[in-house]
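Asks: give me coordinates for this.
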Amino acid sequence: MALPLMPKATAVWLVENTALTFTQIAEFCGLHALEVQAIADEEVAVGIVGLDPIANGQLTAEEIKRCEADEDARLVMAEATTPRPATKTKGPRYTPVAKRQERPDAIAWLLRNYPELADAQISRLIGTTKSTINAVRERTHWKGANIKPVDPVDIGMCSYEDLLAAVQTARLRLERAEKRAEREKRKREREAVKAAGETAEAPANAQTEAPAEPAGDSPAGVQGENVEPVSGDGNENGNDNDGDRGSI
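Replies: The predicted structure is shown next:
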């Protein structure tokens, strides 16, 4: 449950201006009932000016009356009608002036031990810029000859939990990139196999669909038409002539 803006000051105002029970006030303000009772007895929170929860939109008068009529009821905070301020994105981590000379050493250590970290992650971890990271990586930094890799956790530039979370995020990003590249590779291989199969089928289909030559154009057909049949009159005439010669 969300608590009011100034719990003790709100409790002071509710004790002074309402007939709510100590338990109702304690649960709404996130306090103990005995602490609210001590506020009513002026044993604690002496000198604290009460904060009106109705004026700042945390409670309504109807909600207070409802809970005053029923001791078992509990106060419900009103919904805010004013827009909430936009949350600012986290910028580079602040690095104390005394430790800024050690940032190149920390960058060199991260680049050597965790090359999977992105420049933006290193920048957030130790509060540096991408140009400084590139200068250390390319050994063009003004302190290049004296850079000695040092664990940023040991010199207090970042916590171990932050470093571990950044490394895990970087490795997860690399795993996703490798899986995506593997899927693209398999897709290209399937497309290449499919294209090769279509290329091999094209000549086979061309041979199957070639038109056959007509039978009348063959040389055998032409020779059959030019051959003339031999009649039997020649043999008969020859026999008659032979008979005539014998009789002479």
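
Asks: which neighbouring elements make contact with the helix or strand harbouring residue 177?
Replies: Residue 177 is part of helix 160-208, with elements assigned from DSSP states H and E. Secondary-structure packing of helix 160-208 (3 or more Cβ pairs under 8 Å, 6 or more residues apart in numbering; DSSP states H and E): helix 119-126. Yep, even glycine has a C-beta here, placed from its N, CA and C like the rest.

Asks: okay, the helix it packs on in PDB with CA atoms only?
Replies: Output in PDB follows, covering the C-alpha atoms of helix 119-126 (Å, rounded to 0.1, in the frame of the first residue of the first chain):
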ATOM      1  CA  ASP A 119      30.700   0.900 -24.500                       C
ATOM      2  CA  ALA A 120      27.500   2.200 -23.100                       C
ATOM      3  CA  GLN A 121      27.600  -0.300 -20.300                       C
ATOM      4  CA  ILE A 122      31.200   0.600 -19.400                       C
ATOM      5  CA  SER A 123      30.200   4.200 -19.400                       C
ATOM      6  CA  ARG A 124      27.400   3.600 -16.900                       C
ATOM      7  CA  LEU A 125      29.500   1.400 -14.700                       C
ATOM      8  CA  ILE A 126      32.400   3.800 -14.100                       C
END
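
Asks: list of residues touching it?
Replies: Residues outside helix 119-126 that contact it (Cβ atoms under 8 Å, 6 or more residues apart in numbering) are 90, 92-93, 95, 103, 106-107, 110-111, 117, 128-130, 133-134, 152, 157-158, 162-163, 166, 169-170.

Asks: related to what we said a few turns ago, and the helix holding residue 177 with helix 119-126, angle?
Replies: 170 degrees (axes from the mean of the first three to the mean of the last three Cα atoms, to 10 degrees).

Asks: do you know how far the closest residue in space to residue 30 that isn't next to it in sequence is from residue 78?
Replies: Spatial nearest neighbour of residue 30, excluding adjacent residues (Cβ to Cβ, 6 or more residues apart in numbering): residue 3 at 4.4 Å. From residue 3 across to residue 78, the span is 14 Å (Cβ to Cβ, to the nearest Å).

Asks: now do the helix holding residue 177: distance to the chain's middle.
Replies: 18 Å (Cα atoms, centre = their mean, to the nearest Å).

Asks: ok, stretch 56-70 next?
Replies: On Cα atoms, centre = their mean, the centre of stretch 56-70 falls 46 Å from the chain's centre.

Asks: end to end, how far does that stretch reach?
Replies: 24 Å (Cα to Cα, to the nearest Å).

Asks: buried ones in it, by neighbour count?
Replies: Under the neighbour-count criterion of 16 or more other Cβ atoms under 10 Å, stretch 56-70 has 58, 59, 63, 64, 67 buried.

Asks: need these in JSON lines (columns: pLDDT and distance to residue 73).
Replies: Shown next, in JSON lines, are the buried residues of stretch 56-70 (pLDDT from 0 to 100; distance: Cβ to Cβ, whole Å):
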{"residue": "58", "pLDDT": "87", "distance to residue 73": "17"}
{"residue": "59", "pLDDT": "89", "distance to residue 73": "13"}
{"residue": "63", "pLDDT": "91", "distance to residue 73": "9"}
{"residue": "64", "pLDDT": "91", "distance to residue 73": "10"}
{"residue": "67", "pLDDT": "92", "distance to residue 73": "5"}
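
Asks: domains in the chain, as residue ranges please.
Replies: Listed domain ranges for the chain are 7-69, 97-161 (source: automatic domain parsing).

Asks: can you list those domains in a markdown table and add distance to residue 180?
Replies: Shown next, in a markdown table, are these (distance: least, Cβ to Cβ, whole Å):
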| stretch | distance to residue 180 |
| --- | --- |
| domain 7-69 | 48 |
| domain 97-161 | 16 |
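
Asks: no more questions from me, cheers.
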